[in-house]
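Engineer: no sequence on this one, just coordinates:
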Ligand code: MRU
């Protein structure tokens, strides 16, 4: 089954450049950027023009392909040496989403095994296209599996944005919701606005409206109210990195929702492709958490909302301990406690 209503493409490879839908301009304007330089791609990732764990991985892979195309040398060793700088630059953009590092590891491996410059450039482009296709397919499969957890009539609470925009495919948490809707189930969504950058308000509501799924926007601080009133049948969120024990890093505010869900007896599901899992980390304590500029908290879109010189903290993600997670939905199966074993079984 294919999603009928996706009329937008967040990332497209155009042969020698990449077309990106600028997510910072949504929902006001649908503006596409053409990026031909890997440094521009690095800036686009840092500035969240492209965002969401799987989409960041895909953008990073295409960034490597762009960097490779721009290297003018016939010597394979020099080519590889110069490509390392491209990889380093892209790796330094956003630290939390595992997908970026898995994609760049694959690109580095493709560069290392190339025999000559021309063939290696072609192999790097093929590898980036294959990473893109893989992420898109994985989100479709996990969405199909996850849709089994959704019953007609459900109201689902979600946090941040996890749809086609964030994944270049079906979506993770939002993919499950879109799939259930495609199956004819009547679902309705409560979307957290997701402070400070409003991915929920700007992007999730935009994607759900386009899909024709009823959505009610709430501020992050309203989640407890609706969970305690019995208005929510389940919570589904995405993930940026999942440790070996199931602890999950996702957009800041996710942990709060997980605790509130458990307190109110509401299932809390995490949906993510296996490229988000990092078994090299024993627990969530080891997940690197991105710190972003305090300016994102003291104002929005150039309008200052806090007094001048007010200090602000801005961790972009938090970690939900696995004990709060009812199940993790991946493209290779739905995992429940004990997570360590379940995760081992899908990798
Ligand atoms: O800072 P963002 O907008 O990249 O954060 C995105 C999220 O936290 C998503 O929930 C996550 O990447 C998982 S789903 C694609």
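Structural biologist: Nice, I can see it. These numbers were taken from a predicted model, which means no experiment stands behind them.

Engineer: which residue ranges of the stretch 151-300 of the chain form strands?
Structural biologist: When assigned using DSSP state E, counting those that start in this stretch, the strands of the stretch 151-300 of the chain occupy the ranges 155-158, 188-192, 215-218, 234-237, 241-243, 248-251, 268-271, 277-278, 299-300.

Engineer: out of the ones you listed, which comes closest to the ligand?
Structural biologist: Nearest of these to the ligand, taken as C-beta to the nearest ligand atom: strand 248-251 at 3.3 Å. (Each C-beta comes from the backbone N, C-alpha and C, glycine too.)

Engineer: run the chain-centre distance for that closest one.
Structural biologist: Taking C-alpha atoms, centre = their mean, to the nearest Å, one finds strand 248-251 lying 10 Å from the centre of the chain it belongs to.

Engineer: swap in stretch 296-307?
Structural biologist: 25 Å.

Engineer: next one: stretch 100-109
Structural biologist: Once both centres are worked out by C-alpha atoms, centre = their mean, stretch 100-109 turns out to sit 16 Å from its chain's centre.

Engineer: show me where the stretch 101-250 of the chain has helices.
Structural biologist: The residue ranges that make up the helices of the stretch 101-250 of the chain, judged by DSSP state H, counting those that start in this stretch, are 117-147, 164-167, 173-182, 199, 205-211, 223-228.

Engineer: need the winner for burial among those.
Structural biologist: The highest mean neighbour count among the helices of the stretch 101-250 of the chain belongs to helix 164-167 (a mean of 30), with neighbours defined as mean count of other C-beta atoms under 10 Å.

Engineer: what sits up against it?
Structural biologist: Helix 164-167 is contacted from outside by 3, 6, 8, 10, 21, 23, 26, 51-55, 135-136, 139, 160, 170-172, 174-175, 203, 207, 238, 273, using C-beta atoms under 8 Å, 6 or more residues apart in numbering.

Engineer: which ones among those residues also lie next to the ligand?
Structural biologist: 51, 52, 53, 54, 160, 172, 238 (C-beta under 6 Å from any ligand atom).

Engineer: which among those gets closest to the ligand?
Structural biologist: residue 238 (2.5 Å).

Engineer: can you list the weak-confidence ranges in the stretch 151-300 of the chain?
Structural biologist: In the predicted model of the stretch 151-300 of the chain, no residue satisfies pLDDT under 70.

Engineer: list phi and psi for residue 333.
Structural biologist: Main-chain torsions, residue 333, degrees, to the nearest 10: phi 140, psi 170.

Engineer: what's the answer for residue 185, then?
Structural biologist: Backbone geometry at residue 185, expressed as degrees, to the nearest 10, gives phi -80, psi 140.

Engineer: surely it touches residue 152?
Structural biologist: Yes - in this structure, residue 185 sits in contact with residue 152. The criterion is C-beta atoms under 8 Å, and the distance is 4.1 Å.

Engineer: more crowded one of the two?
Structural biologist: In terms of neighbours (other C-beta atoms under 10 Å), residue 185 is the more surrounded of residue 185 and residue 152; the figures are 15 against 10.

Engineer: who touches the more buried one in this structure?
Structural biologist: By C-beta under 8 Å, 6+ apart, the residues touching residue 185 are 147, 150, 151, 152, 153, 154.

Engineer: could you tell me which residues make contact with residue 258?
Structural biologist: Residues touching residue 258, when contacts are defined by C-beta under 8 Å, 6+ apart, comprise 235, 268, 320, 324, 325.

Engineer: state the distance from residue 23 to residue 55.
Structural biologist: 9 Å (C-beta to C-beta, to the nearest Å).

Engineer: what residues does the protein have near the ligand?
Structural biologist: Contact residues, the chain versus the ligand (C-beta under 6 Å from any ligand atom): 48, 51-54, 97, 160, 162, 166-167, 172, 199, 238-240, 250-251, 316.

Engineer: for residue 52, which non-adjacent residue is closest in space?
Structural biologist: The shortest distance from residue 52 to any residue that is not its chain neighbour, by C-beta to C-beta, 6 or more residues apart in numbering, is 2.3 Å, and that residue is residue 166.
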